[in-house]
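A.B. asks: Sequence below, structure please.
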Amino acid sequence: MSNRHINEESSPFIFLDRDNTLNVDPGYLGNPDEVKLMPYVGESLALLTSFGFRFLVLSNQSGIARGYFTHNDADAVNEKINELLQPYGVQIEKFYYCPHQESDDCSCRKPKDGLVRQALLDFSVDTENSWMIGDAIRDIEAVQPVGISGILLAENPPEDTPNNLVFVAKDIKEASHFILQALFEKSYQHKIILNQTDLVQKRNTDKEHGKQWVFTNGCFDILHPGHLQLLYQARLLGDKLCVGINSDASVQRLKGDSRPVNSLSVRLLMLANLPYVDYVTVFEEDTPENLIQTLQPDIHVKGGDYQIHDLPESNIVHSYGGKVIILPFRKGFSTTKTIEKIMQK
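C.D. replies: Numbers count the residues shown, from 1 in each chain. Sure, this is the predicted structure:
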């Protein structure tokens, strides 16, 4: 029978191997007095706790079947691990372990998925935002069938890896840092839409719901207050703001061989994290006419001292009934001048 956790709302969990992941492995560990945490374990799990992660252990303990120690010994070792983690404010909520040898052909010995499936019955797990950390490929393979991503603790990546292995870390500290980085990146990735077909679909859906799209574009190489003001004001003009940015090759053609200073991936990251930007996409051409023709935003915004009739894209916008609005630049800010100032120093 399932022992479903009282909190029915799903939570992100870190599934952990035990020996050589949480604790030093002397070989068939059955004596709690020999338990010693691996370096950085307490601090790393405490950090992850701060971000709402909870912890479960999935472990192979064939020493029981081999007669080296008992179930009670294994439980005592697990209790000792939690005792050592307590000063860090960390608790392993449950230790799942397989007591069998490989020859027993059970369903719970990793890389089989019996342990993790039992855990999913007992706890409400947000598998999409959960992770497995272990020092063996079998640890990662065990959670692959349930869609959990894995981090392998190793010096070098093995040749053959399961599809759910996303990172190889030298220790649990590096693994925890990667998880937090992934948490950050996931927060904005939905805003970056490189496939124009997907972007048009979002545009059409919003149009059906009566939402006005505003579009603006630029290199946005070194983001400064002038950019921020332009983007903030552009968003106020409609319901959704889509920003088109020049590809690296396009920036280089327009600005010279030394540009861009920040690569496309960095520029995408910076823009997607602005609260008033809804979507970010990329165009390879030097000007955004083709993208504007494809998206047909209700309003096209340009910053600077342009005249509407001087903009090559204005004819396209007007052809489908759109509107072009010129917003003033914030004085005193320029990417080119910022670079020149840095070079002078």
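A.B. asks: can you confirm residue 30 is in a helix?
C.D. replies: No - using DSSP: H, G, I helix; E, B strand; the rest coil, the assignment for residue 30 is coil, not a helix.
A.B. asks: Which of the three states applies to residue 138?
C.D. replies: helix.
A.B. asks: and the gap between the closest residue to it other than its chain neighbours and residue 89?
C.D. replies: In space, and not counting its chain neighbours, residue 138 is closest to residue 111: 3.9 Å by CB to CB, 6 or more residues apart in numbering. Using the backbone N, CA and C atoms, a C-beta is placed for each residue, glycine as well. Residue 111 sits 32 Å away from residue 89, going by CB to CB, to the nearest Å.
A.B. asks: Would you mind telling me which of these two has the busier surroundings?
C.D. replies: A side-by-side neighbour count of residue 111 and residue 89, using other CB atoms under 10 Å, places residue 111 first with 16 against 11.
A.B. asks: need the contact list for that one.
C.D. replies: 137, 138, 139, 141, 142 (CB atoms under 8 Å, 6 or more residues apart in numbering).
A.B. asks: from those, which single one is nearest residue 34?
C.D. replies: residue 139 (21.8 Å; CB to CB).
A.B. asks: can I assume that closest one is in contact with residue 58?
C.D. replies: Yes - the criterion here is CB atoms under 8 Å, and residue 139 meets it with residue 58 at 7.3 Å.
A.B. asks: Find the residues that touch each one of the two.
C.D. replies: In contact with both residue 139 and residue 58: 17, 110, 132, using CB under 8 Å, 6+ apart.
A.B. asks: Among those, which one lies nearest to residue 80?
C.D. replies: For the shared contacts of residue 139 and residue 58, the nearest to residue 80 is residue 17 (16.7 Å; CB to CB).
A.B. asks: Which of the helices or strands spans the closest residue to residue 193 other than its chain neighbours?
C.D. replies: Closest residue to residue 193 in three dimensions, ignoring its sequence neighbours and counting by CB to CB, 6+ apart: residue 199, at 4.6 Å. Using DSSP states H and E, residue 199 maps to helix 196-208.
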